[in-house]
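Colleague: using only what follows, build the 3D model:
(one chain, ligands or ions: 1)
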Amino acid sequence: MPRFKLHCVGASGNSYKVALYLNCAGLDWEPVGVDFAGGQTQDARWRADTNTMGEVPVLELGGRRLSQSGAILMWLADTVGRFAPEGAEERFEAQRWILFDNHRFTGSFAPYRMQYSLLPQPPHPSVLAFLKPRVDGAFSIVERHLAGRAFMLGDRPTIVDFSIAGYLYYPTEETDFDLEAAYPAIHAWRERVAALPGWKPPYEMMPVGVSLNAKRRPTA
Ligand SMILES: N[C@@H](CCC(=O)N[C@@H](CS)C(=O)NCC(=O)O)C(=O)O
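Modeller: Next up is the predicted model:
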């Protein structure tokens, strides 16, 4: 199999979901930095060449470019075979949770974090006030689900874990959420995911790309 290229940004948890898979599956890959803050994802040429949706991550293999982290993870599971759901029922569960992640979990937490610490200007309080209960609602659902399981689909890690964990290793100063204190089952599970061979924290896994956060993200 040729070397994978992952077009990504260190601050992008959606990129990290795919990077985690690639590294934990022991695949040969390299990160390709995208100048997010400089507007590269808005650039017409970049969109035409790399992703018409104007987003990272994009996984490149032998000239083919795939986007949408959830679809990429399903494709990797099918193609590589590692961390794959087994059978029709588990596949359905995997799709159900990945869609929930995109719509509700990452779908509220990523914009909250972006507003909280990544944009050059401070957030309007009403924006955070709108998003915070949505984040807590999604986290509470996953917290309850994980109370009785080692991993999202049971006793072994799958692509669902990589999808839902994508934003959970950024520092508390950046996210405003102290997961260890507020969501103990999520915290214990993210520690189990972090114990997988190949795991690295996001900025170490993807030391590339100019993020939106140059002014406001803590440098530590
Ligand atoms: N559902 C998509 C979301 C991807 C996404 O939101 N990517 C962000 C970075 S984390 C992006 O590239 N946004 C481009 C922009 O806002 O211009 C996925 O899971 O891949």
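Colleague: count the neighbours of the closest residue to Tyr203 other than its chain neighbours for me.
Modeller: Of all residues not flanking Tyr203 in the chain, Gly10 sits nearest, at 4.6 Å (C-beta to C-beta, 6 or more residues apart in numbering). Just so you know, the C-beta spots here come from the backbone N, C-alpha and C atoms, and that holds for glycine as well. The tally of other residues near Gly10 (other C-beta atoms under 10 Å) stands at 23.
Colleague: from the rest of the structure, what touches stretch 141-159?
Modeller: Applying C-beta atoms under 8 Å, 6 or more residues apart in numbering, the contact partners of stretch 141-159 are 21, 24, 73-74, 76-77, 83-85, 90, 93-94, 97-98, 100, 104-105, 160-161, 164, 183-186, 188-189, 192-193, 196.
Colleague: what do you get for stretch 200-211?
Modeller: 6, 8-13, 15-16, 19-20, 23, 31-38, 56, 118, 169-170, 217.
Colleague: and for stretch 25-45?
Modeller: 1, 3-9, 11-12, 19, 22-23, 46-47, 51, 54-56, 60, 76, 80, 82-83, 197-198, 205-212, 214.
Colleague: return a PyMOL selection command for the buried portion of those residues.
Modeller: This is how PyMOL selects the buried members of the contacts of stretch 25-45, with burial counted by 16 or more other C-beta atoms under 10 Å:
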select buried, resi 4+5+6+7+8+9+11+12+19+22+23+46+51+55+56+60+76+80+82+83+205+206+208+209+210+211+212
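Colleague: just the pLDDT at Gly209, thanks.
Modeller: Per-residue confidence (pLDDT) for Gly209: 86.
Colleague: what's it sitting at in phi/psi?
Modeller: Gly209 adopts backbone torsions of phi 80, psi 140, taken as degrees, to the nearest 10.
Colleague: quick one: mean pLDDT over the longest helix seen in the chain.
Modeller: Selection of the longest helix in the chain by residue count, based on DSSP state H, yields helix 125-146. Averaging pLDDT along helix 125-146 yields 98.
Colleague: how far off centre is it?
Modeller: Its chain's average C-alpha position is 17 Å from that of helix 125-146, according to C-alpha atoms, centre = their mean, to the nearest Å.
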